[in-house]
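In: Could you work out the structure for the sequence below:
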Amino acid sequence: MKKIQSIKNKINWVIFVLFIALSFSCKKLIQIPVHNANQIPITQVFADSASTLAYVKGIYNNFNVNVGGTLTSGLLDIIPGRTADELSYIGAGDEDQNTILVSNPDMETFWSNAYTNMYQINSCLENIPSSTVLSQPLKKQLLGEIKVIRAFYYFNLVNLFGGVPLVTTTDYHLTESLPRASVDSVYSLIISDLTSSQKLLTATYPQFTTTQRARVNLYVADALLAKVYLYRQQWALAASTSSVVINSGIYSLVSLNNVFLDGSNEAIWQLPATGLYTQTYDGSAFTPYPNSIPAYQIAPALSNAFEAGDLRKTDWVGTNPVNDGVTTTLYYYPAKYKNNTAAATPAEDLMFLRLSEQYLIRAEAYAHSGNAPGAVADINQIRNPARVGLPNYTGPTDQTSLLNEIMHERQVELFCEWGNRWFDLKRTGTINNVLGAEKPGFQPFAALYPIPLTEIQNNPFLLQNPGYPGAK
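Out: Have a look, this model is predicted:
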């Protein structure tokens with residue numbers, strides 16, 4: 001893998017530590033403690049709590065929530081939105097028609113960003129346990145946080161690309177030529193990391209900044225694990241794990257226009273605005289200037305999915321009238337994030353995990369388990385008239401009808417968030433029918449993104465996904 005190899009050849013521990021503190025031109029998510037300008041050998045990086053925390057803070061900084069060039073930024077809201085049926089892009093690109101090239105730079109961004117950051121993650125997991133200067137509670141907390149973050153990276157990688165190399169060490173001799181692991185093996189690591197983190201974390205959110213839910217706590221681990229169990233069709237575990245989050249008493253559903261604000265009580269995990277010029281990448285990329293055509297527009301399939309009177313279309317879909325001197329055309333764009341400048345108020349944070357998704361996870365798990373009343377009750381938490389302006393669900397309660405309703409609610413509730421729609425179409429086996437109807441010429445192999453060509457060129461043990469040039 002190109003990025004990992006370049007680190008091997010060019011980066012030592014000194015540059016790695018300085019990279020955390022100096023490589024971002026924007027404001028830091030977390031301020032890094034100042035070290036002397038002298039070189040810091042590996043033995044000192046984890047020599048005390050201050051330098052260890054600085055290194056861990058760098059892992060959070062790597063999310064880069066106000067720029068698009070990372071797996072963990074708004075790019076994962078945009079690209080899967082285009083390959084699904086949520087977004088249309090006015091510029092050039094191969095994502096909208098699912099004809100992604102192996103040289104597509106967004107694929108390289110997803111892949112290389114994840115594996116570059118994996119080095120820093122794994123170095124913490126290797127060195128923190130043996131520290132003699134960190135307290136046991138601090139060790140447990142940091143290890144729990146980092147394992148959740150590694151699981152989050154791998155969850156997105158496996159759903160974008162299928163089986164991927166499992167890099168769990170900093171030893172380049174072992175990692176530079178790893179083949180792709182099976183999907184089951186990737187999920188095994190994800191579940192292992194998350195269940196391990198459950199034993200390490202507490203309900204208290206650790207604090208680096210004034211943003212209360214920027215770091216990982218126990219319920220972040222639970223929320224992600226509930227989602228993993230759902231994807232793996234482990235219905236009972238998905239229901240019980242999401243119930244832990246729902247019943248924690250910490251979170252509550254809030255009005256639509258307050259969901260994505262800093263300090264939202266619906267947030268299980270959200271990272272604060274960090275840019276000098278922008279807050280979230282979503283707000284910057286989606287929100288158009290007056291009388292300008294939005295670059296990313298709501299696709300007809302999504303627009304038509306909203307029921308009459310659904311406030312989610314009113315509050316989360318923006319309209320921009322554009323007059324060309326003769327006629328006025330109304331364009332629709334995603335407006336969950338409304339701020340396209342850093343100074344805009346109230347401040348918005350990038351939402352990673354939120355409570356409404358947990359209700360939908362539990363509803364789906366209940367439906368598959370035969371608990372129709374439980375599924376209906378959770379559907380109606382989302383459809384609450386005071387929240388979205390819709391009546392309670394009173395339709396058929398057979399399993400097929402309930403699952404169709406839950407997929408509909410997921411489509412209009414979670415659109416343009418972390419590839420949820422794209423992943424849902426794949427995991428439910430409906431992608432060929434849905435996108436085949438929306439996009440003539442859609443081919444089933446496009447459900448997986450191509451492994452970047454540069455990565456295959458640098459690692460001959462990587463095999464391309466079927467259907468793409470170079471596949472064997």
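In: Where does pLDDT dip in the protein?
Out: Filtered on pLDDT under 70, the chain yields the residue ranges 1-43, 68, 209-211, 274.
In: tell me, what residue is most central in it?
Out: Centroid check for the chain by CA atoms, centre = their mean gives Trp418 as the closest residue, at 4.2 Å.
In: And the nearest residue to it once chain neighbours are set aside, how close does it get to Tyr296?
Out: In space, Trp418 comes closest to Leu76 once its chain neighbours are excluded; the distance is 5.6 Å by CB to CB, 6 or more residues apart in numbering. C-beta here means a position set from N, CA and C on the backbone, and glycine is covered the same way. For Leu76, the distance to Tyr296 equals 14 Å [CB to CB, to the nearest Å].
In: List the contacts of Leu125.
Out: Leu143, Ile146, Lys147, Arg150, Thr168 (CB atoms under 8 Å, 6 or more residues apart in numbering).
In: would you say it is within a helix?
Out: Yes - counting by DSSP: H, G, I helix; E, B strand; the rest coil, Leu125 is found in a helix.
In: pretty sure the residue nearest to Trp418 belongs to a strand, no?
Out: No - looking at Leu76 with three-state DSSP, it is helix, so not inside a strand.
In: top helix in this protein by residue count?
Out: For the chain, the longest helix by residue count, based on DSSP state H, is helix 136-161.
In: so what does it touch, helix or strand wise?
Out: helix 49-61, helix 105-127, helix 183-198, helix 218-231 (3 or more CB pairs under 8 Å, 6 or more residues apart in numbering; DSSP states H and E).
In: repeat that for 10 Å
Out: helix 49-61, helix 75-83, helix 105-127, helix 183-198, helix 218-231, helix 420-427 (3 or more CB pairs under 10 Å, 6 or more residues apart in numbering; DSSP states H and E).
In: any residues touching whichever helix or strand comes after the last one, and which ones?
Out: On the C-terminal side of helix 420-427, the closest following helix or strand by DSSP states H and E is helix 431-438. With CB atoms under 10 Å, 6 or more residues apart in numbering as the test, helix 431-438 has contacts from 83-85, 98, 299-301, 407, 421-426, 428, 441-444, 446-447.
In: one step back: out of the contacts of Leu125, which two sit at the greatest distance?
Out: Greatest spatial distance in the contacts of Leu125: Leu143 and Thr168, 13.6 Å, computed using CB to CB.
In: list residues touching both of the two?
Out: Leu125, Asp193.
In: Can you pick out the residue with more neighbours from the two?
Out: Leu143 (21 against 18; other CB atoms under 10 Å).
In: mind listing what the more buried one touches?
Out: With contact taken as CB under 10 Å, 6+ apart, Leu143 is in contact with Val56, Cys124, Leu125, Ile128, Pro129, Asp193, Ser196, Ser197, Lys199, Leu200, Leu201.
In: Can you lay out the residues you listed as a markdown table showing distance to Leu71?
Out: Shown next, in a markdown table, are these (distance: CB to CB, whole Å):
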| residue | distance to Leu71 |
| --- | --- |
| Val56 | 19 |
| Cys124 | 18 |
| Leu125 | 19 |
| Ile128 | 23 |
| Pro129 | 26 |
| Asp193 | 17 |
| Ser196 | 22 |
| Ser197 | 20 |
| Lys199 | 27 |
| Leu200 | 24 |
| Leu201 | 23 |
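In: Only the buried subset of those residues, as a PyMOL command please.
Out: Here is the PyMOL selection string for the buried members of those, based on 16 or more other CB atoms under 10 Å:
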select buried, resi 56+124+125+128+193+196+197+200+201
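In: Most distant residue from the centre of this protein?
Out: Val326 (41.9 Å).
In: Would you tell me what helix or strand that residue is located in?
Out: According to DSSP H and E, Val326 maps onto no helix or strand at all.
In: what's it sitting at in phi/psi?
Out: phi -120, psi -50 (degrees, to the nearest 10).
In: picking that back up, please tell me I have it right and the residue nearest to the centre of the chain contacts Ala84.
Out: No - at 12.0 Å, Trp418 does not count as touching Ala84 under the criterion of CB atoms under 10 Å.
In: Buried residues of the helix or strand containing Arg410, list them for me.
Out: Arg410 belongs to helix 399-413 when assigned by DSSP H and E. Within helix 399-413, the residues scored as buried using 16+ other CB under 10 Å are Leu402, Leu403, Glu405, Ile406, Met407, Glu409, Arg410, Gln411, Val412, Glu413.
In: now do stretch 82-97
Out: Within stretch 82-97, the residues scored as buried using 16+ other CB under 10 Å are Arg82, Thr83, Ala84, Asp85, Glu86, Leu87, Ser88, Tyr89, Glu95, Asp96.
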